[in-house]
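>>> structure for the following, please:
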Amino acid sequence: MRSRGLVVTLALLLAIGATAAVFLYVNGVRQDAKTGGDLIDVVVATQDIQANAALNPLIDAGAFTTAKVTQETLVDGAITSTEQLRDQTTTFPILANEQIPLSRLSSGEQITGGGLGISPGHVGTTVRVDGPNAVGGHVVRGDNIVVYATFSSQKIFKSLKDFVDSVTNSNSNALGSATAQEALPPFTVTLIPGVKVLNVENPPVSEDGHSSEGQVTLTLDLLPDDSANLVYAAEQGSLWFALLPPGEEGVQIPAASGASLLDKIIGKRAA
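Numbering: from 1, shown residues only. The predicted structure is shown next:
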């Protein structure tokens, strides 16, 4: 019986010791947090700030304050004084209460691809269409979309000679001559099988929850040739966009379905 009592006593002592150790550890962590020995003061905004915003008026209005962060959570180049914001402009949106890295300011080293995240070798091109043409306002930044172009009254030169005559002979009326040009029937083609949306401005949502009324402004991550074709199609025809499922790529339509007609009016008009 005495041995059994000793075992119980030792077990109780071990349990008390373990509890005390945990208590001391937790208390030490709390004390470290209170003393702030490893905490760093950083500047944060008290409100959301859009890109291209001048910061001097916001500084004067008291739109910035300080917050304490640990060394582990400190972001690279975090602003630690409002004087670092003076005479600066934002190059990327800043959210309230988040750390402000120097890379988001006009004097900082810009993020790869700039504020929009443009891919190397690409250009950002913006177009505006009616809501239904852009999936009724359901496209968001980062989505992949297909670009369709519809042409209803296009003409091409029947031969290279007709084209040369139209631009070299000032007395020639070949440019408007019915014999020099061939009218194409209305057609729709896949202008760009797949492209990433860099930015989007959708129409506001109405009281009944719909957002297709109004216009949608899209900035797309395009190769230069695709950008030129998009501008041409926007000026000479009409554009429609289709939303691709996440992770999927669009498919170019076969030439027999209309791409050959597109070649005749974009990039090969004098062929």
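
>>> show me where this structure has strands.
In order along the chain, the chain carries the following strands (DSSP state E): 39-45, 64-70, 123-130, 144-151, 155-157, 181-183, 187-201, 215-222, 238-243.

>>> buried set for the second one?
Read that as strand 64-70. The neighbour-count check on strand 64-70 (16 or more other Cβ atoms under 10 Å) flags 64, 69 as buried. All C-beta atoms are positioned from the backbone trio N, CA, C, and that covers glycine.

>>> next: the third one.
When burial is assessed from 16+ other Cβ under 10 Å, strand 123-130 yields the following buried residues: 124-125, 127, 129-130.

>>> now it against strand 238-243, angle please.
Between strand 123-130 and strand 238-243, the angle comes out at 100 degrees (axes from the mean of the first three to the mean of the last three Cα atoms, to 10 degrees).

>>> contacting residues around strand 123-130?
For strand 123-130, contacts defined as Cβ atoms under 8 Å, 6 or more residues apart in numbering pick out 116, 118, 198-199, 214-224, 227, 230-231, 234, 238-241.

>>> would you write a ChimeraX line that selects the buried entries of the residues you listed?
If you want just the buried ones from the contacts of strand 123-130 in ChimeraX, going by 16+ other Cβ under 10 Å, the selection is:
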select :116,118,198,199,216,218,219,220,221,222,227,230,234,239,240,241
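
>>> now do the domain split for this protein, please.
As given by automatic domain parsing, the domain ranges for the chain are 39-104, 123-265.

>>> which of the ones you listed has the lowest average pLDDT?
Set side by side, these show their lowest mean pLDDT on domain 123-265, which sits at a mean of 75.

>>> now the end-to-end length of stretch 64-75.
Using Cα to Cα, to the nearest Å, the gap from the first to the last residue of stretch 64-75 comes to 17 Å.

>>> if Asn144 is in a bridge, with which residues?
Lys196 (DSSP bridges).

>>> cool, and the one 5 residues further on?
According to DSSP bridges, the residues that bridge with Ala149 are Val189, Leu239.

>>> so how far is Pro246 from it?
Ala149 sits 25 Å away from Pro246, taking Cβ to Cβ, to the nearest Å as the criterion.

>>> more crowded one of those two?
Each of Ala149 and Pro246 had its neighbours counted (other Cβ atoms under 10 Å), and the higher figure belongs to Ala149 (24 against 8).

>>> residues in contact with that one?
Ala149 makes contact with 188-189, 191, 229, 233, 237-240, 262, according to Cβ under 8 Å, 6+ apart.

>>> count of residues packed around the closest residue to Gly142 other than its chain neighbours?
Across the structure, with Cβ to Cβ, 6 or more residues apart in numbering as the measure, the residue nearest Gly142 apart from its sequence neighbours is Val197 (6.5 Å). As a burial measure, the neighbour count of Val197 was computed by other Cβ under 10 Å and equals 19.

>>> understood, closing this out.
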